[in-house]
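Colleague: no sequence for this one, just the structure:
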């Protein structure tokens, strides 16, 4: 009997031990290879979609930054208890895939069939369907005027037909291949919310192109969005995040939400925060929206226009982790504003005070009469902060110049247009000359510099005559030299510039206003610039040379708008130094 009990106990122990082994989750292995360019890292991300601008470079606890080996390979082991959606990005390439516990997945960006290993057919199909979404979006964008010009019923029929074609592609795959419920649900949700996105934007864009205001009320949006704000799991779906973001944008337009609100100059911070608070949504969705909106606002506009929002946010945000992310970012931004030697107000417009962030050389005295590096940040004239110019300013502070990063009115904050931006930039140069004695600067050695939209403004201070400041007291608003980097030059090729110049896009075009006798200048541009095409720069270059201006430039082959290539970025700094040395503004 004892032997039988022993055997029974031993059998149970072996069974229990074997079950424990079977239940232990196997690690998920992700390996891959990329063709190494300027970046030595990949980003593996899971969880909710970020609404941050692509140029912000923000990462958080949803990201895993993985180093690449010298040959471009990588490997990571992940412990999973349930399937998880990941996004993979390297430079401009981005993929999505779903992994299950114990999967072994390989990603090779150098092959036509990107995924191999576990569920490779399903993950390849998932990215093919993402490409189908891109095709739909390209169709809508390329046919925008005609598409949004039709009646509402016809527009809806077209949008619904695009959705049906997409679903048909997915169904054809399922007839011949297995597709997990996770893959299928993700694919269907993407087109569902892309379609809803297209429907909620119709009223504004229809009026933009036709001038006709739809006779609709809130019921129009409620019918489209019914049931869309109850499930936080949707926050991992990229087109849901896009739809959610645009819907709160529309609601922030208040009485203009039924019309073309794009040109209404709506302030982007407080009205949208209010719209999020008023949204009848699951608390996790509201916490997500508050978190994303405030992080984006701090990154893109700084902290000076937040008002009482942070205090209200501390009360209304119910997610401690997301709340702390915002509060940490706010504290860091507040600390960063202590980096300049001083911050002064150089211009007042109504209730707005525009700031000059000033960096002085070590041991600088008012009697020194130092040259000035005046920097204007980029951001499409709609966003950006003086803090974006701190790195440039510190470089020339260390070389003996007074460096100033200027704030100017923004479309997203001040309800301004590009004309106002140019006026502020010229006011900045004028202010430097007016305050030359108190600041200890040489009023005859002011260089205006800027990146992207800021480059356009730097050039505008030198080129534009028709934006001269009336209360100049005899001082000039024209700099003694200017530097442009990835700037826009021809503003007549887009309706955006027409809308942002009171209907006269030539008036803000540096190409059209370029003339003889301009101050010395240097320009930098990449051939792969997707925001300011190289053709714009070359026609500007040709005109500058034809007119005989003192003009230098460097075109960088294969380099994009943001000059992420470290070699190109460093060369810009070296060429700028040489330019300023020749002018006598800095020493070798």
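Modeller: All right, it came through fine. Note that this is a predicted model, so its numbers are computed, not measured. Numbering: from 1, shown residues only.
Colleague: can you list contacts of stretch 26-35?
Modeller: Under the criterion CB atoms under 8 Å, 6 or more residues apart in numbering, residues 42, 44, 68, 71-80, 86, 88, 90, 93, 99-110 lie in contact with stretch 26-35. C-beta here means a position set from N, CA and C on the backbone, and glycine is covered the same way.
Colleague: name the element the nearest residue to residue 340 once chain neighbours are set aside belongs to?
Modeller: Nearest non-adjacent residue to residue 340, counting by CB to CB, 6 or more residues apart in numbering: residue 357, 4.3 Å away. Residue 357 belongs to strand 352-359 when elements are defined using DSSP states H and E.
Colleague: give the buried residues for that strand.
Modeller: Buried residues in strand 352-359, defined by neighbour count with 16 or more other CB atoms under 10 Å: 354-359.
Colleague: ok, now stretch 381-393?
Modeller: Within stretch 381-393, the residues that qualify as buried by neighbour count (16+ other CB under 10 Å) are 381-390, 392-393.
Colleague: then stretch 290-309?
Modeller: 290-306, 309.
Colleague: ok, residues contacting stretch 567-587?
Modeller: Residues contacting stretch 567-587 (CB under 8 Å, 6+ apart): 38, 371, 373, 395-396, 399-401, 445, 447, 449, 480-481, 483, 485, 520, 522, 524, 526, 552, 554, 556, 559, 563, 588.
Colleague: what about the helices in the stretch 251-400 of the chain?
Modeller: 270-278, 283-301, 309-316, 320-336, 390-397 (DSSP state H, counting those that start in this stretch).
Colleague: list the contacts for the residue nearest to residue 483 when sequence neighbours are not counted?
Modeller: Distances taken as CB to CB, 6+ apart place residue 449 nearest to residue 483, at 3.9 Å, with adjacent residues excluded. Contact partners of residue 449, counting by CB under 8 Å, 6+ apart, are 373-376, 392, 455, 458, 482-485, 576.
Colleague: name the element residue 449 belongs to?
Modeller: Using DSSP H and E, the element containing residue 449 is strand 441-451.
Colleague: what lies in contact with stretch 131-144?
Modeller: Contacts for stretch 131-144 (CB under 8 Å, 6+ apart): 147, 162, 166, 169, 190-191, 194, 198, 205, 209, 239.
Colleague: can we see that at 6 Å?
Modeller: The contact list for stretch 131-144, computed with CB atoms under 6 Å, 6 or more residues apart in numbering, reads 162, 166, 190, 194.
Colleague: let's have the residues you listed in JSON lines, adding neighbour count.
Modeller: Below are the contacts of stretch 131-144 laid out as JSON lines (neighbours: other CB atoms under 10 Å):
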{"residue": "162", "neighbour count": "20"}
{"residue": "166", "neighbour count": "21"}
{"residue": "190", "neighbour count": "22"}
{"residue": "194", "neighbour count": "24"}
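Colleague: farthest pair in the residues you listed?
Modeller: Distance extremes for the contacts of stretch 131-144: the farthest pair is 162 and 190 at 12.7 Å, using CB to CB.
Colleague: in this structure, where is pLDDT below threshold?
Modeller: Residue ranges of the chain with pLDDT under 70: 1-25, 52-62, 470-472.
Colleague: run the last query once more with 80
Modeller: Along the chain, segments meeting pLDDT under 80 span 1-26, 37-39, 51-63, 92, 263-265, 467-473.
Colleague: which helix is the longest one in it?
Modeller: helix 152-176 (DSSP state H).
Colleague: quick check: buried residues in the very next helix or strand once past that one?
Modeller: Helices and strands here follow DSSP H and E; after helix 152-176, the next one along the chain is helix 181-200. Buried residues in helix 181-200, defined by neighbour count with 16+ other CB under 10 Å: 182-184, 186-200.
Colleague: ditto for stretch 356-374
Modeller: 356-361, 364, 369-374.
Colleague: same question, stretch 227-237
Modeller: By neighbour count on 16+ other CB under 10 Å, the buried set for stretch 227-237 is 228-229, 232, 234-237.
Colleague: ok, those residues vs residue 216, which is closest?
Modeller: Nearest to residue 216 among the buried residues of stretch 227-237, with distances taken as CB to CB, is residue 228, at 17.9 Å.
Colleague: helix, strand or coil for residue 558?
Modeller: Using DSSP: H, G, I helix; E, B strand; the rest coil, the structure places residue 558 in coil.
Colleague: now it: closest residue in space, sequence neighbours ignored.
Modeller: Nearest non-adjacent residue to residue 558 (CB to CB, 6+ apart): residue 528, at 5.5 Å.
Colleague: need the three-state assignment for the one you found.
Modeller: Strictly by three-state DSSP, residue 528 counts as coil.
Colleague: do residue 482 as well
Modeller: Classified using three-state DSSP, residue 482 is strand.
Colleague: shouldn't it be in contact with residue 450?
Modeller: No. Here residue 482 does not reach residue 450: they are 8.3 Å apart, not a contact under CB atoms under 6 Å.
Colleague: overlap in contacts, those two.
Modeller: Taking CB under 6 Å, 6+ apart as the contact rule, residue 482 and residue 450 both touch residue 458.
Colleague: give me the phi and psi for residue 554.
Modeller: For residue 554, the backbone dihedrals (degrees, to the nearest 10) come out as phi -140, psi 130.
Colleague: wait, residue 485
Modeller: Torsion angles, degrees, to the nearest 10, at residue 485: phi -140, psi 120.
Colleague: residues near it, how many?
Modeller: 22 (other CB atoms under 10 Å).
Colleague: go on, residue 415?
Modeller: 14.
Colleague: same question for residue 335.
Modeller: 9.
Colleague: kindly report the same for residue 376.
Modeller: Per other CB under 10 Å, the neighbour tally for residue 376 reads 32.
Colleague: next up, the contacts around the nearest residue to residue 513 once chain neighbours are set aside.
Modeller: The spatial neighbour of residue 513 that comes closest, neighbours along the chain excluded (CB to CB, 6+ apart), is residue 463 at 5.1 Å. By CB under 6 Å, 6+ apart, the residues touching residue 463 are 510, 513-514.
Colleague: most neighbours, which of the residues you listed?
Modeller: Greatest neighbour count in those, by other CB under 10 Å, goes to residue 510: 26 neighbours.
Colleague: cool, thanks, signing off.
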